[in-house]
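In: Would you be able to build a 3D model of this:
(2 chains)
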Amino acid sequence: MTELIISQVVNGLVLGFLYVLIAIGLSIIFGMLGIVNFAHGVYFALGAYFALTLRDSLGPWAIVFAPLGVGVVGIVIEMTLMRPLYGKEPLLGLFMTFGIALFIEELIRTIWGAAGHPFNPPGWLSGFIVWGPVLVTKYRLFVLVVTILILIALWLFLQGTRYGRIIRAGSRDPEMVSMLGINLKRVFTAVFGLGTAVAGIAGVLAAPLWSVVPSMSEAAIMPAFVVVTIGGLGSFGGAVISGLLVGVSVALSIQFWPAASTAVMYALMILILLVRPRGLLGESWERFE
Amino acid sequence: MTKTTGFGISRRTLLAGATFGAAQLASPFVITARAAEAVKVGLLLPKSGPYAVQGEIGQHGAQVAIDDFGGHVLDRPIELIWLDESSPQTTQQNMRKLVEEEKVVAVQGGVSSGDVLAIMPVAERAQRLLMATGPNATEITGKNCSKYTFRVDLPNKVTVNSVYPLLKERGKKWYFVVASYAWGIDAYNQMKDVVVKDGGNVVGYDQAPLGTTDFSSYLLKVRQAKPDVVYVGLGGTDLTNFLKQMKEIGLTNQMALSAPIVNDTDLWAAGPDAAFGIYPKIWNYTGAHITKRSTDFVEAFKKKYGQPPEAEGWQDWFGMTSILTAIKETKSTDSTKLVSFLEEHKFEGYKDAPIFFRNFDHQLVQPLLVAQVKEKITDKYDYFDIKSEYPKDPSALDAAYGSQAEIGCTFKS
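Out: Numbering: from 1, shown residues only, chains lettered A, B, ... in the order given. Next comes the predicted model:
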C-alpha cells in the first residue's frame, strides 16, 4: 500500500506540473493586466491545433511556432477587443473574454472539425522509467522540465530586466508609469501576447496526453482557474505550490475515492478561500481590495 | 460627430441598409415556409463536453434520413431543431423547450443514459414520442421504461453477453474503470454478474467522473493489479484519453480491453498506435453484415460529409428514419398513433434480419457485432475486424434481449 501511495504522490506531482504550466499564462495576464481571462482555455486549444497543422511541414519546430502563432492571435485580440475595456467595469472584460472563448471554440470546430485528432509524442520521448514503486513516463518528465524552464525564464525576465520592471510597475500604477513617458499600451499588448503564447505551449505539450478536440479548452480552463485561485491571483510561487497540491490531491483521491477525484480540487479551493481568501501566496493588492 | 465611411455614408445608415437588404434576400424563403407548416422534430445531442463528437455525427445521420425523405413528409417540410444535451438538468430544460415552445412532434437523441433518464418523464407527461438513439443503461427499457420512449441503442445487459466468450479466453482477473453515472455503473453491474457467475474475479473497480482528462493515476492502479481483462465503461473523449495514456505507460495490447459499446470516433481520435480492444458494436460501415440499404446510407453520408459514418451516425439515421416512416405511414404526427405504429412495424433491410421495437419494452431488437480493432490499421477510418454477429443464430434474437418477465418493464398507461 505504501508503495502505491508513493507512486501516486509522484504521479500527482508530475501531473501538478502540467496544471502549473496551464495556469501560468492565466496568472501572468491576471497579475499584470488585472483581466480574468475566460478565454485562456481556447488559447491552450489553439496551441494544440496550430501544432497539428504545422507538424507536417515543420516537424519538431511546430512546438516553437505553434505557441508563437497563438501569441500573435493573442496580440491581435488584445489590440482590437481587450484594449477598449481597460479601466472600465471589470464585468465587461469577463463578458468579452467569455465571448471570445465561445467564438474561438466554434472557429476551431469549423476549421478542424468536431472529431478528435490523433497526436503522438515524438518517438524519442515515448516509453517510461520505473524506479522502485515509481513510474514516470519520459514525456511527462519532459513536460516537467519545460515547465520549470519556463518558470525560471519568466521569473528572470520579470525580476531582472528593465522590461520586467516596467511591466510590474505598470501593473501596480499605470498612471505613474505613463507619466514617466513609457508607452504602456505596447507593454500591455506584449504581456497579453506572452500570456497567450504560454497557454499555447501548454496546449502543444498536452496534445499527446489528452484528446485533441475543440472542447479541450474546457478541460484546461477549470484546473487553471482552481490553481490560480488557490495559489493567489497573480503569484507565480503560489501557482506552483497550488498546482502541485492539486495534482497530488487528485492522484490520492483516485487511489482512495476515484468518483470524487474531480470534486476534490474544488473542495480544496473552497477550503483555502475560507481560510485565506487571497490564496496561499496572494499579496494584498490595493487595486482589488 | 458621426463617424463616416469612405463614401460619406454614416455607419448607422450603412448598417440599416445592409439589414434591410438581407431581409429582402431572405423573404422569399420565409414565404415558402409559411405555405406549409413545417413538421418539427427535436434533436437532443451533445454540442459540448466529452460526447460532442458523437453529437455531431448523430446530427449528420439524422440529416441524411431527412434527405432520404426529400426533406418532406406529409407534403410538409421537415424542420430539425437541435438543442444541446450536456447534463441531465440542461437536457431536461431543452426537452421542455422543444415540447412546450417549439411544439415538436417527436424528439430524438440522447447519448448519455443519465440525460435520457432525466427527459423520459417529460416525454411521458407531454405524451410525446422520444426516440432514444444512443443510451445503453439497461433500465431505460427495463425497470424505468416508458410508453413514449423507444430505444435504438443496445442495452448493457445484452452487450456484455456478446463479448464475454471472447474475453474470458484471456483470463479470470478483471479490472473495471467506469464513468460514475447511470451508464457506467450499470455496465459494471451487468458485466460483473456475468464474470462472477462464471468463476472470474474482480481485482479492481474504479468510478471515474465523466469528462476525466487524466487517467494516469487509474492506470497505475491497473498496472499494479495486473488484470487479464480491463473493462471500461468510458466513452467519448474519456475513452480516447484512456487509450492514449495506456499507450503512454506501455499497457496497449498487454491485456484484453473491452467496453459496453464503442464509437469509432473515440478510436480515430486516439490514433492507430493507441487503439486496441474487443468491443460490441451496433453497426460498422464495413463488413459482410452490411445491407444494400446501409450501403446507400454510407454513400450518402460520405458524399455529404466527406467521411464514412460511424455507429452513432447509423443510430440517428435509423432513429430518424423510423420516426419519419411512422409519420408517413400513419399520415399523422400524433404521438399516440406513432407509438402504436412503431410497436407493430418490422423494419426490413437495415440489418441482415428484420429489426423491430418490442411492444412490451420498446427496445429495438437487432443483431449486433463483436468487433476487434485490427492489428494493423492502414486506413484512417477502417479500424475494425468483425469477429462475429450476436446472437449467432437469428432465431435466438428475441431471447437474447430477455423475456418480458426478465425485463421487468411495465408501462404506466
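In: Tell me who's in contact with residue 236.
Out: You didn't pick a chain, so chain A it is. Contacts for A:F236 were tallied using C-beta atoms under 8 Å, 6 or more residues apart in numbering or on different chains; they are A:24, A:27, A:151, A:154-155. (Each C-beta comes from the backbone N, C-alpha and C, glycine too.)
In: actually it's chain B I care about, not the one you picked
Out: B:49-54, B:111, B:263, B:266.
In: Tell me who's in contact with A:V146.
Out: A:V146 makes contact with A:21, A:201, A:205, according to C-beta under 8 Å, 6+ apart.
In: can I assume the first one is in contact with A:I148?
Out: No: the criterion here is C-beta atoms under 8 Å, and A:L21 misses it with A:I148 at 9.6 Å.
In: And these two? Which one has more around it.
Out: A:L21 (29 against 14; other C-beta atoms under 10 Å in any protein chain shown).
In: Would you verify that the more buried one is located in a helix?
Out: Yes: under DSSP: H, G, I helix; E, B strand; the rest coil, A:L21 sits within a helix.
In: tell me the contacts of it?
Out: A:L21 makes contact with A:143, A:146-147, A:150, A:198, A:201-202, A:205, according to C-beta under 8 Å, 6+ apart.
In: any chance of the contacts of A:V146 in CSV, plus pLDDT?
Out: Formatted as CSV, the entries for the contacts of A:V146 read as follows, by pLDDT from 0 to 100:
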residue, pLDDT
A:L21, 92
A:I201, 95
A:L205, 94
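In: Contacts only, for residue 279.
Out: This is for chain A. Contacts for A:G279 (C-beta under 8 Å, 6+ apart) come out as A:228-233, A:235, A:238, A:242, A:272-273.
In: you looked at the wrong chain, it should be chain B
Out: Residues in contact with B:Y279, defined by C-beta under 8 Å, 6+ apart, are B:163, B:258-259, B:261-262, B:370-373.
In: which one is A:I230 nearest to, not counting chain neighbours?
Out: Nearest residue to A:I230, sequence neighbours excluded (C-beta to C-beta, 6 or more residues apart in numbering or on different chains): A:S242, at 3.8 Å.
In: for the one you found, phi and psi?
Out: For A:S242, the backbone dihedrals (degrees, to the nearest 10) come out as phi -70, psi -40.
In: I'd assumed A:R276 was in contact with it.
Out: No: using C-beta under 8 Å as the test, A:S242 is too far from A:R276 to be in contact (11.4 Å).
In: Could you tell me the model confidence score at residue 121?
Out: No chain was given, so I picked chain A. pLDDT recorded at A:P121 is 89.
In: looking at chain B here, not the other one
Out: Predicted confidence (pLDDT) for B:P121: 96.
In: Please apply the same query to B:L342.
Out: Predicted confidence (pLDDT) for B:L342: 97.
In: Helices of the stretch 151-300 of chain B, residue ranges please.
Out: For the stretch 151-300 of chain B, the helices defined by DSSP state H, counting those that start in this stretch cover B:156-168, B:182-197, B:216-225, B:237-248, B:264-270, B:292-305.
In: How about the stretch 1-150 of chain A?
Out: Taking DSSP H, counting those that start in this stretch as the criterion, the stretch 1-150 of chain A contains helices spanning A:2-33, A:40-58, A:62-77, A:90-112, A:138-160.
In: can I get the CA coordinates of the second one in CSV?
Out: Written as CSV, here are the backbone C-alpha positions of helix A:40-58 (Å, rounded to 0.1, in the frame of the first residue of the first chain):
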residue,chain,number,x,y,z
HIS,A,40,-7.5,31.1,-21.6
GLY,A,41,-8.6,27.6,-22.4
VAL,A,42,-9.1,28.3,-26.1
TYR,A,43,-5.5,29.7,-26.4
PHE,A,44,-4.5,26.4,-24.9
ALA,A,45,-6.6,24.5,-27.5
LEU,A,46,-5.3,26.8,-30.3
GLY,A,47,-1.7,25.7,-29.4
ALA,A,48,-2.6,22.1,-29.9
TYR,A,49,-4.4,22.8,-33.2
PHE,A,50,-1.7,25.0,-34.6
ALA,A,51,0.9,22.3,-33.8
LEU,A,52,-1.4,19.8,-35.5
THR,A,53,-1.4,21.8,-38.7
LEU,A,54,2.3,22.8,-38.6
ARG,A,55,3.8,19.4,-37.6
ASP,A,56,3.6,18.0,-41.2
SER,A,57,5.6,20.9,-42.6
LEU,A,58,7.8,22.0,-39.7
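In: Give the buried residues for it.
Out: Across helix A:40-58, burial judged by 16 or more other C-beta atoms under 10 Å in any protein chain shown covers A:40-52, A:54-55.
In: Also stretch B:89-108?
Out: For stretch B:89-108, a neighbour-count test (16+ other C-beta under 10 Å) marks B:90-95, B:98-99, B:102, B:104-108 as buried.
In: Ramachandran angles for B:L369?
Out: B:L369 adopts backbone torsions of phi -110, psi 140, taken as degrees, to the nearest 10.
In: Next: the one 4 residues further on.
Out: Comment: the main-chain dihedrals of B:V373 come out as phi -70, psi 130, following degrees, to the nearest 10.
In: mind checking pLDDT for it?
Out: Confidence at B:V373, expressed as pLDDT, is 97.
In: Likewise for the one 10 residues further on?
Out: Model confidence at B:Y383, given as pLDDT, is 95.
In: quick one: it and chain A, what's the gap?
Out: 11 Å (C-beta to the nearest C-beta, to the nearest Å).
In: returning to that earlier point: the more surrounded of A:S242 and A:R276?
Out: Remark: of A:S242 and A:R276, A:S242 carries more neighbours, 29 against 13, as counted by other C-beta under 10 Å.
In: Next, the contact list for that one, please.
Out: Counting by C-beta under 8 Å, 6+ apart, A:S242 touches A:23, A:226-228, A:230-232, A:272, A:279-280.
In: Could you do B:P394 as well?
Out: Counting by C-beta under 8 Å, 6+ apart, B:P394 makes contact with B:353, B:367.
In: do B:V194 as well
Out: For B:V194, the contacting residues are B:160-161, B:164, by C-beta under 8 Å, 6+ apart.
In: what does the stretch 101-250 of chain B put close to chain A?
Out: Residues of the stretch 101-250 of chain B lying close to chain A by C-beta under 8 Å from any C-beta of the partner chain are B:180, B:206-209, B:211-214, B:216-218, B:220-221, B:223-224, B:237, B:240-241, B:244-245, B:248-250.
In: Check these for burial and list the buried ones.
Out: B:180, B:206-208, B:211-214, B:216-218, B:220-221, B:223-224, B:237, B:240-241, B:244-245, B:248-249.
In: Could you find the closest non-adjacent residue to the most centrally placed residue in chain B?
Out: Centroid-nearest residue in chain B, with C-alpha atoms, centre = their mean: B:G134, separated by 2.6 Å. In this structure, B:G134 finds its nearest non-sequential neighbour in B:V111, 4.1 Å apart by C-beta to C-beta, 6+ apart.
In: Next up, the contacts around the one you found.
Out: Counting by C-beta under 8 Å, 6+ apart, B:V111 touches B:45-46, B:51, B:54-55, B:58, B:85, B:134-135, B:235-236, B:312.
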